[in-house]
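Q: let me see the structure of the following:
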Amino acid sequence: MSLPESAPCEFLPWDTEFFGCRIARVRGEVMTPEQGAEADDWCRSNGVRCLYFLSRADDPETVQTAEQHGFGLVDVRVTFERALGRAAGPAGREQVSAISVRHAQPGDLAGLEAIARTAHTATRFFNDRHFPRPVVENFYATWVASEVQGRAQAVLVAATPAGQAVGYLSCHLDPVLRRGSIGLVGVGEGVRGQGVGRSLVLRAVDWFGTQQAREVTVVTQGNNRAAQRLYQRCGFLSRDLQLWYHKWFPPPHEGAS
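A: Model (predicted):
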């Protein structure tokens, strides 16, 4: 369904299909009371059940408007960045003893999906109790599978000497702008806190360096202090902070036109 650019919101077909209810997102990152009312009217007219809003954190009017219009805060989105230089390559070769980092293989997929079901519990979808936990677990399993199957330019896997996958990291690259971004990062429950994440991140920095990227960004949650410390130890600096809101609308009445 094509929508005019002037519409206050946009449909999200993939999210809608996966979660089984109509989902949309507010266009832009600021909101006035008038824009909030327009978004409400648009969602009610289009049968939207859940509306996402990624908001600036430094605009009091936007934050107040979102709260007054029934949006619930579900996540604080923190973006980190690292400029790449000559030192990026050697740093990326660090790794945990007995754990190797390699590119994903087809046989890794089942293990990566299992890790994904428990590795992202600090995210907004887990924070929003409207989404059933088993469905959200499957959401991240589906996401990592799509990364391995070609959505990401590279997926790095941390593996034991026996070849068992115990962690993953997906890499996205804009070769024109020479910008890289780290997508999903997940570490198995049994090896968390043992440096596996650091090995993956530094190897990713190395890979981006070989692709001639000038900078790399990564996003994590404001309540995920372990991830924030990890990126800081790997040379990343905070760049931006935004707020994720969700608003839920009542389901349409049975038989309503």
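
Q: so for stretch 126-140, mean pLDDT?
A: The average pLDDT for stretch 126-140 rounds to 98.

Q: span of that stretch from start to end?
A: One end of stretch 126-140 sits 11 Å from the other (Cα to Cα, to the nearest Å).

Q: would you mind writing the CA trace of stretch 229-240 as CSV?
A: The C-alpha trace of stretch 229-240 is given here as CSV (Å, rounded to 0.1, in the frame of the first residue of the first chain):
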residue,chain,number,x,y,z
ARG,A,229,31.1,-0.9,28.6
LEU,A,230,32.0,-3.5,25.9
TYR,A,231,31.8,-0.9,23.1
GLN,A,232,33.7,1.6,25.1
ARG,A,233,36.5,-0.9,25.8
CYS,A,234,36.6,-1.5,22.1
GLY,A,235,37.2,2.2,21.3
PHE,A,236,33.7,3.3,20.6
LEU,A,237,32.4,6.7,21.8
SER,A,238,28.7,7.6,22.4
ARG,A,239,27.2,9.7,19.6
ASP,A,240,23.5,9.9,20.1
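
Q: which residues outside that stretch are in contact with it?
A: If you take Cβ atoms under 8 Å, 6 or more residues apart in numbering as the criterion, stretch 229-240 is touched by 78-82, 91, 197-198, 201-202, 205, 216-218, 220. Placement of C-beta: from N, CA and C, glycine included.

Q: show me how far it is from its chain's centre.
A: Counting by Cα atoms, centre = their mean, to the nearest Å, stretch 229-240 is centred 16 Å from the centre of its parent chain.

Q: ok, stretch 128-145 next?
A: With Cα atoms, centre = their mean, you get 12 Å for stretch 128-145.

Q: show me the contacts for Asp243.
A: For the record, residue 243 is Leu, not Asp. Applying Cβ under 8 Å, 6+ apart, we find Leu243 in contact with 54-57, 63, 66, 73, 75-77.

Q: can you pull out the strands in the chain?
A: 9-11, 23-26, 50-56, 72-83, 100-103, 154-159, 165-174, 179-187, 215-221, 237-248 (DSSP state E).

Q: dump those strands to TSV, plus distance to Cys43 and mean pLDDT.
A: Shown next, in TSV, are those (distance: least, Cβ to Cβ, whole Å; pLDDT from 0 to 100):
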stretch	distance to Cys43	mean pLDDT
strand 9-11	6	98
strand 23-26	6	98
strand 50-56	5	98
strand 72-83	15	98
strand 100-103	42	97
strand 154-159	35	98
strand 165-174	30	98
strand 179-187	29	98
strand 215-221	26	98
strand 237-248	8	97
